[in-house]
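> Just the structure for this:
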Amino acid sequence: MRMTRGFGLAMLSLLFIGGVAIAGSFVLRGEANIPTELKGIALSKPVPLDRRTFLSTNGEAVFPVPSRNKWTFLVVGYAHCPDICPFILGNLAEVETQMMKSVAKAELPRFVFLSVDPQRDTPDFLKDYVTHFSDRLVGMTGDAASIDGLTQQIGAFYRLGKPDSEGFYPVDHSGEVFLIDPTGRLFAKFKPPLDAEETIDRFLRLTAHFQAAQL
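I've put the predicted structure just below:
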């Protein structure tokens, strides 16, 4: 039995449409299917981060460290920052305090402060600085290659200013809070100010979104 040209074209069209629908269904089931309330926060495609060596307030450290259950809130700045860093770290300290009342200890995220000013922010200086906000807040810094590599991957901006006559220099930097998932990928970004209750709600929704994407 001969297939007419019109019938053949119709079949090809149906196959094409079906293929598109199948491909679309895979996308919808993947991480690109971001819940409405997380749009603008969760990344449509999480960014795998290269592991780099830093100096932390706990000694030499590799970051990020993939972990089965641990998420990481990351702030980029410098300890001599007069305004935005203390403001954001104060926000996160309140988030942590409230989380400890509602989130199991084993599931509490890490809180990390990356200083882009290693000349002034030594590990000892950072340790004194971060403990003003929380005993669980980890400070870290590193050489220019490690700092630049990580900040470029997560999309954080910073620029060291020119020293004044007394040697003081400011640092311009972005103010987002970055969320790293347990596999070591940049998963979401928060813009300050951070309301503790709202941030915790979004964090729990993000973790649920992450788990759903693994299915």
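> hey, let's count contacts and neighbours off CA atoms from now on
Fine.
> residues contacting the nearest residue to Ile84 once chain neighbours are set aside?
Nearest residue to Ile84, sequence neighbours excluded (CA to CA, 6 or more residues apart in numbering): Gly175, at 7.0 Å. Each residue near Gly175 by CA atoms under 8 Å, 6 or more residues apart in numbering is listed here: 75-77, 84-85, 88, 191-192.
> and these, which of them are in helices?
Among the contacts of Gly175, the residues falling in helices (DSSP state H) are 84-85, 88.
> so which of those comes closest to Val62?
Nearest to Val62 among the ones in helices among the contacts of Gly175: Cys85, at 22.8 Å, using CA to CA.
> circling back to that earlier point, per-residue pLDDT of the residue nearest to Ile84, please?
Here the pLDDT value assigned to Gly175 is 95.
> Which stretches in this protein count as helices?
Using DSSP H, the helices found in the chain span residues 5-29, 84-102, 123-130, 144-154, 196-213.
> which other helices and strands contact the second one?
Taking 3 or more CA pairs under 8 Å, 6 or more residues apart in numbering; DSSP states H and E as the contact definition, the neighbouring helices and strands of helix 84-102 are strand 72-77, helix 196-213.
> Can you give me the buried ones in the last one?
In other words, helix 196-213. For helix 196-213, a neighbour-count test (16 or more other CA atoms under 10 Å) marks 196, 199-200, 202-203, 205-207, 209-210 as buried.
> and stretch 128-137, how far from the chain's centre?
In terms of CA atoms, centre = their mean, to the nearest Å, the centre of stretch 128-137 is set 20 Å apart from its chain centre.
> What of stretch 177-187?
When distances are taken as CA atoms, centre = their mean, stretch 177-187 is centred 4 Å away from the chain's centroid.
> ranking the contacts of Gly175 by neighbours, who comes first?
Within these, most neighbours by other CA atoms under 10 Å means Gly77, with 25 neighbours.
> need the contact list for that residue.
Applying CA under 8 Å, 6+ apart, the residues near Gly77 are 85, 113-117, 158, 173-175.
> And the furthest pair within these?
So for these, where distance means CA to CA, the most widely separated pair is Asp117 and Gly175, at 15.3 Å.
> Can you get me a residue count around the residue nearest to Lys127 when sequence neighbours are not counted?
Once flanking residues are discounted, Lys127 sits nearest to Thr57: 5.3 Å by CA to CA, 6+ apart. Neighbour count for Thr57, taken as other CA under 10 Å: 20.
> Bridging across strands, which residues link to Thr57?
Beta-bridge partners for Thr57, by DSSP bridges, are Gly59.
> Wait, it touches Asp121, no?
No: proximity of Thr57 to Asp121 does not meet the contact threshold set by CA atoms under 8 Å, at 10.7 Å.
> how close does Ala188 sit to Val62?
Ala188 is 21 Å from Val62, where distance means CA to CA, to the nearest Å.
> So which of those two has more stuff around it?
Between Ala188 and Val62, Ala188 has the larger neighbour count (other CA under 10 Å), namely 24 against 13.
> Contact partners for the more buried one?
Ala188 makes contact with 41-43, 46, 178-180, according to CA under 8 Å, 6+ apart.
> ok, now how distant is it from Lys70?
Using CA to CA, Ala188 is found at 15 Å from Lys70.
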